[in-house]
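Student: what would the 3D arrangement of this be:
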Amino acid sequence: MLTYEPITLNLKTVHLTDEQFYQLCQSNEQYQLEQTAQGELLIMPPVGSIGGNREADLIGFLWQWNRQTQLGKVFSSSTIFTLPQGGKRSPDVAWIANERWEALSLEEQEQFAPICPDFVIELRSR
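Tutor: Purely as a prediction, here's the structure:
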């Protein structure tokens with residue numbers, strides 16, 4: 001059985017700014033990149049078919065609940081959030097309450113929003 005682990009690059013001495021990390025991600029859209037609060041760059045492997053199907057189901061369930069309640073916004077695994085301690089992470093499924101999302105500026109919403117989601121789901125690989 002194949003296992004897929006992220007590749008970790010030590011960039012602690014490089015100190016990428018938020019804008020530089022954003023541009024790195026935009027220039028390398030074929031890779032799913034994340035950054036730890038310690039400055040390590042993570043290159044995430046693609047998910048397998050079973051994992052992708054489970055992720056889609058979970059997004060669908062959360063989207064349907066949110067469509068009925070209209071309490072917030074649902075985000076896919078393609079969305080990176082800038083967390084309070086500086087990490088830039090992309091959970092498999094995320095949800096943010098409307099009032100917290102709307103408190104962000106349009107510029108913050110368009111890039112890697114500086115917000116920790118209210119709810120996340122992270123699927124574990126086999």
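Student: for the helix-or-strand element of the chain with minimal mean pLDDT, name the packing helices and strands.
Tutor: Using mean pLDDT, DSSP states H and E, the weakest-scoring helix or strand in the chain turns out to be strand 7-10, at a mean of 85. Strand 7-10 sits against strand 40-44, with contacts defined as 3 or more Cβ pairs under 8 Å, 6 or more residues apart in numbering; DSSP states H and E. All C-beta spots, glycine's among them, are computed from the backbone N, C-alpha and C.
Student: how far off centre is the helix or strand just after the strand it packs on?
Tutor: Using DSSP states H and E, the next helix or strand after strand 40-44 towards the C-terminus is helix 49-69. Chain-centre distance of helix 49-69: 15 Å, with Cα atoms, centre = their mean, to the nearest Å.
Student: buried sites along helix 49-69?
Tutor: 51, 55, 59, 62 (16 or more other Cβ atoms under 10 Å).
Student: send me that helix as PDB with only the CA atoms.
Tutor: Output of helix 49-69 as PDB, limited to C-alpha atoms (Å, rounded to 0.1, in the frame of the first residue of the first chain):
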ATOM      1  CA  SER A  49      -9.800   8.700  -5.500                       C
ATOM      2  CA  ILE A  50     -11.400   7.300  -2.300                       C
ATOM      3  CA  GLY A  51     -10.100  10.200  -0.300                       C
ATOM      4  CA  GLY A  52     -11.300  12.700  -2.900                       C
ATOM      5  CA  ASN A  53     -14.700  11.200  -2.900                       C
ATOM      6  CA  ARG A  54     -14.900  11.300   0.900                       C
ATOM      7  CA  GLU A  55     -13.800  14.900   0.900                       C
ATOM      8  CA  ALA A  56     -16.500  15.800  -1.700                       C
ATOM      9  CA  ASP A  57     -19.200  14.000   0.400                       C
ATOM     10  CA  LEU A  58     -18.200  16.000   3.500                       C
ATOM     11  CA  ILE A  59     -18.100  19.300   1.600                       C
ATOM     12  CA  GLY A  60     -21.600  18.400   0.200                       C
ATOM     13  CA  PHE A  61     -23.000  17.700   3.700                       C
ATOM     14  CA  LEU A  62     -21.600  20.900   5.200                       C
ATOM     15  CA  TRP A  63     -22.700  22.900   2.200                       C
ATOM     16  CA  GLN A  64     -26.300  21.500   2.400                       C
ATOM     17  CA  TRP A  65     -26.500  22.300   6.100                       C
ATOM     18  CA  ASN A  66     -25.100  25.800   5.500                       C
ATOM     19  CA  ARG A  67     -27.500  26.400   2.600                       C
ATOM     20  CA  GLN A  68     -30.400  25.600   4.900                       C
ATOM     21  CA  THR A  69     -29.100  27.700   7.800                       C
END
